[in-house]
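Participant: would you be able to build a 3D model of this:
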Amino acid sequence: MLQPGLQIKDLRCRVAGNEILKGIDLTVEPRRVHALMGPNGSGKSTLAFSLTGHPQYDVTGRVELDGQDLLALPPDKRARAGLFLSFQYPAAIPGVKVANFLHAARQAERPGDLPPAKFRALLLEKMEQLGIDPSFMGRYLNDGFSGGEKKRLEMLQLAVLAPKYAILDETDSGLDIDALKAVGSSIAALRASDEGVNTGFLIITHYPRILQYVIPDVVHVMIDGRIVKTGGVDLAHRIEREGYDELRARAIA
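Facilitator: A predicted model of the protein is given here:
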């Protein structure tokens, strides 16, 4: 019987000949939230792009998504298998309306599962759930959006696609406190929703402030391409008080 989960075993990654990931072991289970913390340059975003299929990354090891060999799939099929990545810096695409983009994304992953009228109803329902103004549907994708609007739009994408596993890469980057609260509330709402209840989350962050609004089940600390510490939410509180210096010194020793 297959073990559900996003299971990462001895994952290694080289970029331009440099070894960035040095043997990552991590399992993200359905319905649970894992936080991956670490100082800048520790390899957190490299892990995210390795999992989603960056073409310039040389990746070895094994990754299974509910028993399926993820590394054997091209990026688009990894998304169809149920993997979602929220980018640290979402791109703007002038001329492409939000509603059209979301409909195309849903169709790419689940062809024909919702006729247009039902998709529109789903979209309006999720926007109301996340507190997003319906006028977003007519705007061009991230064009002229504030940082907070971009991140809330990604939360809307997450709600519409309802993936099995969601990787949120530095979702709190550059957000003011009000936008951070809104994103945290959005993630909490998705966890409580009927479609999002089974989603496993890997939240990648440098600072622990987003974890005030999204309480993780497990916290991991990555330093120099390795996970050096795993614990509960108290580990995030300790890092907030003390920083990474002690853990970095132990990892180097």
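
Participant: so how far is residue 126 from residue 112?
Facilitator: From residue 112 over to residue 126 the distance is 20 Å, taken as C-beta to C-beta, to the nearest Å. C-betas here are computed from N, CA, C, even on glycine.

Participant: likewise residue 10?
Facilitator: 37 Å.

Participant: swap in residue 46?
Facilitator: 31 Å.

Participant: what of residue 242?
Facilitator: Counting by C-beta to C-beta, the gap from residue 242 to residue 126 is 39 Å.

Participant: and if you look at residue 94?
Facilitator: 24 Å.

Participant: higher neighbour count, these two?
Facilitator: Taking neighbours as other C-beta atoms under 10 Å, residue 94 and residue 126 compare with residue 126 leading, 24 against 9.

Participant: so which strand or helix has the more buried one?
Facilitator: Secondary structure from DSSP states H and E places residue 126 in helix 116-130.

Participant: buried stuff in that helix?
Facilitator: 119, 122-123, 126-127, 129-130 (16 or more other C-beta atoms under 10 Å).

Participant: same check on stretch 131-138?
Facilitator: Applying 16+ other C-beta under 10 Å to stretch 131-138 flags 132, 136-137 as buried.

Participant: again, but for stretch 241-253
Facilitator: 244, 247-248, 251.

Participant: list the contacts for the closest residue to residue 138 other than its chain neighbours?
Facilitator: Of all residues not flanking residue 138 in the chain, residue 97 sits nearest, at 6.1 Å (C-beta to C-beta, 6 or more residues apart in numbering). For residue 97, the contact set (C-beta atoms under 8 Å, 6 or more residues apart in numbering) comprises 137-141.

Participant: any chance of the residues you listed in TSV, plus distance to residue 65, pLDDT and secondary structure?
Facilitator: Formatted as TSV, these follow (distance: C-beta to C-beta, whole Å; pLDDT from 0 to 100; DSSP: H, G, I helix; E, B strand; the rest coil):
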residue	distance to residue 65	pLDDT	secondary structure
137	31	88	helix
138	35	91	helix
139	33	93	coil
140	32	93	strand
141	27	92	strand
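
Participant: and which of the buried residues of stretch 131-138 is nearest to residue 167?
Facilitator: Of all those, residue 167 sits closest to residue 132, with 21.5 Å by C-beta to C-beta.

Participant: surely the closest one is in a strand?
Facilitator: No: using DSSP: H, G, I helix; E, B strand; the rest coil, the secondary structure at residue 132 is coil, not a strand.

Participant: off-centre distance for stretch 158-172?
Facilitator: 4 Å (C-alpha atoms, centre = their mean, to the nearest Å).

Participant: over to stretch 204-219?
Facilitator: With C-alpha atoms, centre = their mean, you get 12 Å for stretch 204-219.

Participant: can you pull the buried residues of that stretch?
Facilitator: For stretch 204-219, by 16+ other C-beta under 10 Å, it's 204-206, 208, 210-211, 213-214, 216, 218-219.
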